[in-house]
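Peer 1: after the sequence you'll find the predicted model.
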Amino acid sequence: MHLTSNPVDWYAARAGGIAAYLLLSLNVAIGLLMTGKKSLRRWPRFAIEDVHRFTGLLTGTFVVLHIIAVAIDAYLPFSLLSLAVPLVAPFRPIWTGLGIVAAELLLALAVSNHYRNTELSYRAWRRIHYANFAVWTAATFHAVGTGTDRSTPWLLAIEAAAVGVIGGLIVWRVLRRGEPAVWLRRVAPAFAAILCVALVVGLGTGPLRFRPKPWNAATFSDRLDGKILTDMGVTRGIVSMAGNGAGPQNVLVRADLLVTTTSLASTSFQMEYLPSGAMCTGTVTKVDRAAFSATCTMPDGGARHVDASWTVPGADGTISNGVITAHD
C-alpha cells in the first residue's frame, strides 16, 4: 500500500511507535510492582489497576497509529500482507516481524481482557496475561533492531532505561518468591538493570547500529536491472534502456538513443536518485551492445560520470544482473 509520501506520515509512524513502547514498558512495570504487597502501598489498589488498564488502552491506540502511518507512507515498501504476516516484509523482516508478533499478541491480550470474569476464569486470564512479557520482549527487539532513529543517543537512552527498569523489576519479582539474603535482594536487581542497559547500548551501537544509505551519492555501485526498448521506423528510430539500480544508492535510469540507418543522431540520459527524487540529466557518451557510458549534471551543478554494463539481453530485451557505477 503506497498512498502518499509525506514527511508527516513518517514522523507520525516514528512517534507512534516510540510512544507505544514507552506506554507498554510503563504498563509492564506497573504490573510487576502490583505483585508486591508493599509496593505502591501509598496508592489505592483500584487506582493503580485503573492506571494499569488505561496505559494498556493507550498502548493499543498508539500501536494502531504506528501501523496506519507505516501503511500509508510511500517510502516504506509495506503491503497489507507484510503488515499482518511476520517475516513477509522486505524491510528488515526479522525485526519488523517481531513488531508484528508483538502487535498481534497485544490484540489477543485485549480480547482476553474483554472476556475476563465472563468466559475466562481469573486463573486462566492470569496465565494468558503473562504473554505481556512476550509482547514487551518482542517490541523491545523491534525497537532496537529497526527504525531510522534506533542508534540515536536519545532513543538508545529511552530504550536502555526502559529495559533496565523492566529487567531489574523482573529479578526483584523472582527473588520475592524465595528468601534470599538481604544483600542479594538489593544488589541483584541493580546488577540486572545495569546488564540490560549495557546489552541495549551494545546492540544499538554495534551489530544493530543504523547504517543509512548515502543521499545523492556522487560515487556508488549498484546492481542494475531493466529492459531495452526499440522503436524503429524506415529511416530512424529510438532505442531506450530503462532500469533501476538497487544497492547502496538506489537510482532509476533511462538512456535514449535517436538513431538513423547509418549513424547516431542524438542521445539523452536521465538518472533519478531515490528517495530524494533529485534528477541528473545529460547525454550518452559511449554505446556498446551490452554497455553504455554517460555524463549528467545534478540540480546543484555537480557532474556525474555513469557507466552501465550487463549480460546480453534476452529476446524480450530484459536485462538482469547488470552493474551501474557512478563517480564525480
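Peer 2: Sure thing, it's come through.

Peer 1: all helices of the chain, in order?
Peer 2: In the chain, the helices defined using DSSP state H lie at 7-33, 45-72, 80-84, 93-114, 122-129, 131-145, 153-176, 182-205.

Peer 1: export the ones you listed to a markdown table and tack on distance to residue 236 and mean pLDDT?
Peer 2: Any C-beta I mention is one placed from the backbone N, CA and C, and that applies to glycine too. Converted to a markdown table, the helices of the chain look like this (distance: least, C-beta to C-beta, whole Å; pLDDT from 0 to 100):
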| stretch | distance to residue 236 | mean pLDDT |
| --- | --- | --- |
| helix 7-33 | 45 | 88 |
| helix 45-72 | 45 | 85 |
| helix 80-84 | 46 | 83 |
| helix 93-114 | 48 | 90 |
| helix 122-129 | 73 | 81 |
| helix 131-145 | 55 | 92 |
| helix 153-176 | 58 | 92 |
| helix 182-205 | 59 | 90 |
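
Peer 1: among those helices, which comes closest to residue 250?
Peer 2: For these, distance to residue 250 was read as C-beta to C-beta. The smallest value, 16.9 Å, belongs to helix 7-33.

Peer 1: tell me the angle that closest one makes with helix 122-129.
Peer 2: 130 degrees (axes from the mean of the first three to the mean of the last three C-alpha atoms, to 10 degrees).

Peer 1: could I get the buried residue list for helix 7-33?
Peer 2: 9-10, 12-14, 16-32 (16 or more other C-beta atoms under 10 Å).

Peer 1: roughly how far out does that helix sit from the chain middle?
Peer 2: 16 Å (C-alpha atoms, centre = their mean, to the nearest Å).

Peer 1: okay, now residue 318: neighbour count?
Peer 2: 13 (other C-beta atoms under 10 Å).

Peer 1: that one: what's its closest spatial neighbour, skipping adjacent residues?
Peer 2: residue 227 (5.2 Å; C-beta to C-beta, 6 or more residues apart in numbering).

Peer 1: tell me the pLDDT at the one you found?
Peer 2: Per-residue pLDDT puts residue 227 at 88.

Peer 1: tell me what it is bridged to.
Peer 2: Beta-bridge partners recorded for residue 227 (DSSP bridges): residue 242, residue 318.

Peer 1: check the one 5 residues further on too.
Peer 2: Beta bridges link residue 232 to residue 237 when assigned by DSSP bridges.

Peer 1: repeat that for residue 273.
Peer 2: For residue 273, the beta-bridge partners under DSSP bridges are residue 251.

Peer 1: that one touches residue 249, doesn't it?
Peer 2: Yes - between residue 273 and residue 249 a contact is recorded at 6.9 Å, counting by C-beta atoms under 8 Å.
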